[in-house]
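Novice: Sequence first, predicted model second:
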Amino acid sequence: MAHAETISLFDGAIIRRAALDSIAKLNPITLMRNPVIFFTEVISALTSFVAAEDALKHQPYGFPLVIAIWLWLTVLFATFAEAVAEGRGRARAESLKRARSETMAKLLIDPRDRVIFKPTPAPDLRQGDIVLVEAGDIIPSDGEVIEGVASVNESAVTGESAPVVREAGGDRSAVTGGTHLVSDWLVVRITADAGSTFLDRMIALVEGAERRKTPNEIALNILLAGLTLIFLIAVVTLVGFGHYAGTSFSIPVLAALLVCLIPTTIGGLLSAIGIAGMDRLVRFNVVATSGRAVEAAGDVDALLLDKTGTITFGNRMASGFYPASGVAERDLAEACALASLGDDTPEGRSILALARERYSIAPQRPEGAAIIPFSANTRMSGVDFAGHSYRKGAVDSVLASLGTQADAVFSEAVARIGRAGSTPLAVAANGRVLGLIELKDIVKPGIKERFSALRSMGIRTVMVTGDNRVTAAAIAAEAGVDDYIAEATPQNKLDYIRKVQGEGRLVAMCGDGTNDAPALAQADVGVAMQTGTQAAREAGNMVDLDSDPTKLIEIVEIGKQLLITRGALTTFSIANDISKYFAILPAIFVTTYPQLAALNVMQLRTPESAILSAVIFNALIIVALVPLALRGVKFRPIGAAALLKRNLLVYGLGGIVAPFAGIKLIDMALGAFNIFS
Ligand SMILES: Nc1ncnc2c1ncn2[C@@H]1O[C@H](COP(=O)(O)OP(=O)(O)OP(=O)(O)O)[C@@H](O)[C@H]1O
Ligand SMILES: [K+]
Ligand SMILES: [Mg+2]
């Protein structure tokens, strides 16, 4: 999380820029997106006309003018809140922009020839171009490794400076533009046009340029607009009532009353809360492409995880050959090597390496060989040549394809490998099973404790893997997941998510492979590992730059915090009304009904001062709550009901009490300067 440099809540440069931006945001056309504040702007404009007339005819600094100024300030404070939230993201975007490379790419004219290349500026690269990247080079754009193995320093994007391995064929084939190659070379097929690379999208996201209102925000906005309308009707009714009672109210008084009653506090802070949530994720090195996903994370019931590369480190390496009865180990090793000849996955390469190391077997690819590449659906790979056929793959898949069954010795060997948490691959030559390969993998450390933390948050963890049952069970036990599904195809993963969603629950999925992409796209929260494939990273709605599946804990906390903050400030905003009533209503009726003076519980000095104090409080409270909106209300894992009770108490009761104190103080301060005495 190194690049997540903390930006102070009150960074001077951000505040100055936000002050300017908040004025630009007064443009009514853009402000219309926020109905409550737009309405406040209309009221402010109307009051300004009255105030101008009053200032010309009567006194230059009269009550209408002061009210008009504070109504404008209310609008300005609301746009300021949004501008500050955006400014923090912008500061982060600046540091990312520095990573955007203006490098020259080595464009290969003929991908088979790694010697002749044409130097091409990175921005001129198009999807499908093939480039060579050598040690010391900056990777010019996003792409997929089609040849080579190399270590890459991705700190420009992830902040993590330990190099990561990038290689052709497997789940670690994606490279990101702006990162740089530390060793060896790679041939990369470019997968993004200039302007739409991962870095470009990340910059646009943190700048807030791509922010759209979430369905929840739209719903809340509709509710707030409805409340505004109700208060408008109430105030109009009041005018009629006053008329009947022989009182008439001036426009500034009515405007003040109306703006105090409509939910300006939450209206002004709503978008800042959403932006801040996304921003908090970035600080945890998670890039969310949709605000909706962040909200969904707050309510997730189940988390699905891929095994290899997500729960385990994912560098599955061949570690042993286990021949079937009557087969020599060397013959098995040779068959394994032949079956892996065209297999460009890390698993395939590790098998060739082990055969070379143990038996110096290094077969050449025979003339006219037909390569059968690995697919997540068949769960096998192999080669056919000169009437021979070699296959290797998941044990059940290989046996099923041959129509044979395993004998007891073989089954025991499969189980033994599985119990160790390794993956057994069955190997067959010309229809006969010759034995097994063991692929070793390691569970990421600390994962068990983190999963138990998820459990205490009420989230079920389910591992879904293409691997066999025994291995799945062993890894599931080691990692401490609640449940697992073995021998799963991409379709199974998708079906499982749909089933859980069908029960009305929200599902998160963490994965890294191309075969996880459909599931990542279907999940409500799809977290792709940065180490994963391009397809996975595009299908999900979040990318974890640290490739840590247990990061979901932080993601869920941030989602919950976002929902709680919004709820708390809505409660606060609406609770405020009660005390503003007590400030304003006695003030405007006191001449007609002197008995109402009894309602003046705050003992405010004069009607004008009471009304102005309420308006000033109403404006200042927006600014006062900006830090809370940006930082978020602290999330405590104490259960939904307890949390609701606590927040109602703090923000509901606080919302009623705070304005009494605030308005009284402002009234006293005005008195100290003899204003509207
Ligand atoms: N290169 C390969 N050749 C043949 N078979 C393979 C190869 N790689 C993996 N397999 C087999 O296919 C199974 C499914 O692999 P895949 O990578 O699709 O799993 P997955 O569904 O992504 O689940 P996970 O990543 O959790 O293991 C593996 O468990 C293994 O038995
Ligand atoms: K208000
Ligand atoms: Mg996988």
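Specialist: Thanks, I have it. Ligands and ions are numbered 1, 2, ... in the order given.
Novice: the helices in the stretch 401-550 of the chain, which residues?
Specialist: In the stretch 401-550 of the chain, the helices defined using DSSP state H, counting those that start in this stretch lie at 408-419, 447-456, 469-479, 490-502, 517-522, 534-539.
Novice: out of those, nearest to A587?
Specialist: helix 447-456 (51.5 Å; Cβ to Cβ). Using the backbone N, CA and C atoms, a C-beta is placed for each residue, glycine as well.
Novice: Return the set of buried residues in the closest one.
Specialist: Neighbour-count burial for helix 447-456 flags 447-448, 450-451, 453-454 (criterion: 16 or more other Cβ atoms under 10 Å).
Novice: closest point of the chain to ligand 3, which residue?
Specialist: Proximity of the chain to ligand 3 (Cβ to the ion) peaks at G513, 3.5 Å away.
Novice: who are the neighbours in contact with that residue?
Specialist: With contact set as Cβ atoms under 8 Å, 6 or more residues apart in numbering, G513 has these partners: 171, 306, 308-309, 376, 532-533, 536.
Novice: Try it again at 6 Å.
Specialist: Contacts for G513 (Cβ atoms under 6 Å, 6 or more residues apart in numbering) come out as D171.
Novice: gap between it and T489?
Specialist: 12 Å (Cβ to Cβ, to the nearest Å).
Novice: One more: E554?
Specialist: Look at E554 and T489: by Cβ to Cβ, they are 31 Å apart.
Novice: Spell out which parts of the stretch 401-550 of the chain neighbour ligand 3.
Specialist: Residues of the stretch 401-550 of the chain lying near ligand 3 by Cβ under 5 Å from the ion: G513.
Novice: Close to ligand 1: what parts of the stretch 401-550 of the chain are there?
Specialist: By the rule Cβ under 6 Å from any ligand atom, the part of the stretch 401-550 of the chain lying against ligand 1 is 423, 425, 465-467, 488, 513, 515.
Novice: rerun that using 8 Å as the cut-off
Specialist: Taking Cβ under 8 Å from any ligand atom as the contact definition, the stretch 401-550 of the chain meets ligand 1 at 423-425, 439, 463-468, 471, 488-490, 493, 511-513, 515-516.
Novice: Give me the subset of the residues you listed lying in strands.
Specialist: 423-425, 439, 463-464, 511 (DSSP state E).
Novice: Compare those residues and tell me which has the most neighbours.
Specialist: G511 (32 neighbours; other Cβ atoms under 10 Å).
Novice: Check what pLDDT the spatially most central residue of the chain gets.
Specialist: The residue lying closest to the centre of the chain (Cα atoms, centre = their mean) is A288, at 2.7 Å. At A288, the pLDDT value in this model is 87.
Novice: Next up, phi/psi of it, please.
Specialist: phi -100, psi 130 (degrees, to the nearest 10).
Novice: in the sheet, who's paired with it?
Specialist: M542 (DSSP bridges).
Novice: Which parts of the protein belong to which domain?
Specialist: Domain ranges of the chain: 12-90+205-282+557-673, 129-190, 299-311+444-545, 316-442, per the TED database.
Novice: Please produce JSON lines containing the ones you listed, extended by mean pLDDT.
Specialist: Below are these laid out as JSON lines (pLDDT from 0 to 100):
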{"stretch": "domain 12-90+205-282+557-673", "mean pLDDT": "88"}
{"stretch": "domain 129-190", "mean pLDDT": "89"}
{"stretch": "domain 299-311+444-545", "mean pLDDT": "91"}
{"stretch": "domain 316-442", "mean pLDDT": "92"}
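Novice: Who's the closest spatial neighbour of the residue of the stretch 151-300 of the chain found nearest ligand 1, skipping the chain neighbours?
Specialist: Relative to ligand 1, the nearest point of the stretch 151-300 of the chain is D171 (7.0 Å; Cβ to the nearest ligand atom). Of all residues not flanking D171 in the chain, G513 sits nearest, at 4.4 Å (Cβ to Cβ, 6 or more residues apart in numbering).
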